[in-house]
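In: Show me how the following folds:
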Amino acid sequence: IDTALENVDTFTTSTYRAAEYTYVATNAEGDGDSTTGHETGKILIVHDGTTAQMTQYGITGTKANPILTFSVDIDSGSVRLRAASAQANTGVRFARLGLAPL
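Out: From the prediction side, this is the model:
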């Protein structure tokens, strides 16, 4: 992830009504780099087919400022979890728990 807004994950609105993400992000090349930072947290998303809402919580990191800034929207029938990084070349890994519509 770079400083421009990028898609982290997408799913169709018909597949899941809500999703929970646990993520870990690391910027720079390794622990010896002076710009390295690590961050973990959780994100909850819910949508009504037209509008998506999210909340981010439990954020813990090794830097004073957040490494990633997340947002969510719906585009062409897909919910998009998006992020921009404070610095270029930030890696992110996540686990998604999706909940299907009733």
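In: Specify the beta-bridge partners of residue 21.
Out: Beta-bridge partners for residue 21, by DSSP bridges, are residue 43, residue 96.
In: Setting aside sequence neighbours, what's the nearest residue to residue 90?
Out: residue 27 (4.2 Å; C-beta to C-beta, 6 or more residues apart in numbering). Every residue, glycine included, has its C-beta placed from N, CA and C.
In: Quick check, residue 24 in contact with residue 39.
Out: Yes. Shown here, residue 24 and residue 39 form a contact pair, counting by C-beta atoms under 8 Å, at 7.2 Å.
In: who has more neighbours, those two?
Out: The neighbour count for residue 24 versus residue 39, taken as other C-beta atoms under 10 Å, is higher for residue 39 (21 against 16).
In: Quick check: the gap between residue 82 and residue 62.
Out: Per C-beta to C-beta, to the nearest Å, residue 82 is found 23 Å from residue 62.
In: Residue 8 now?
Out: Taking C-beta to C-beta, one finds residue 8 at 20 Å from residue 62.
In: So for the two, which sits in the more crowded spot?
Out: residue 8 (21 against 12).
In: Where does pLDDT dip in the chain?
Out: 29-35 (pLDDT under 70).
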